[in-house]
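Peer 1: Next one to model:
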Amino acid sequence: MKKLVTRAGAVTTAQVDGYHIEERLLDRILIEVSDKGGGSLEVAFHEKDQRYLSQFSAAQHAHWLNVAMLHVESGCALETLQGEQAWITDEAPTKPMSYITAMRPARQEFELPPELEFLRRTSPSI
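Peer 2: The predicted structure follows:
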């Protein structure tokens, strides 16, 4: 399941510059990416750009939005409405139980056989 996230956590809306989709025609046209929940993402043109986009056909809009979704899913640069960097990630599953058991603490003193006692480190006298 995919979701939009930032360093601070999950967000519901991010945006991408249309320049990445169609260099000259969509430069500075914002495409909003919305997280609809359940792993569903939706792309749409920002409301403020509707007047400019009205000169293009609905088929062209659909094509650009389809290309935008491909770019978004492939990991293009997204940002939140506040300008913070965002990206799409798969929801992390709940943390599985650890199969690693804790080790017993290390001994402070090693037991050496009497013939190897000379190997024990001693602190120098000052």
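Peer 1: isn't Arg7 right next to Trp87, touching?
Peer 2: No - here Arg7 lies out of contact with Trp87, judged by C-beta atoms under 8 Å, at a distance of 9.8 Å. Any C-beta I mention is one placed from the backbone N, CA and C, and that applies to glycine too.
Peer 1: When these two are compared, which one has more neighbours?
Peer 2: The neighbour count for Arg7 versus Trp87, taken as other C-beta atoms under 10 Å, is higher for Trp87 (15 against 8).
Peer 1: Nearest spatial neighbour of the more buried one, chain-adjacent residues omitted?
Peer 2: Leu78 (6.0 Å; C-beta to C-beta, 6 or more residues apart in numbering).
Peer 1: what number of residues lie near that neighbour?
Peer 2: As a burial measure, Leu78 scores 23 neighbours (other C-beta under 10 Å).
Peer 1: On the strand side of things, show who it bridges to.
Peer 2: Ala86 (DSSP bridges).
Peer 1: Relative to Pro113, how far out is it?
Peer 2: 65 Å (C-beta to C-beta, to the nearest Å).
Peer 1: All the helices of the protein, in order from the start?
Peer 2: All helices of the chain, identified by DSSP state H, fall at 50-53, 58-73.
Peer 1: Let's have the ones you listed in TSV, adding distance to Tyr19.
Peer 2: Listed next are the helices of the chain as TSV, based on distance: least, C-beta to C-beta, whole Å:
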stretch	distance to Tyr19
helix 50-53	14
helix 58-73	11
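Peer 1: mind checking the longest strand of the chain?
Peer 2: In the chain, assigned by DSSP state E, the strand with the most residues is strand 30-37.
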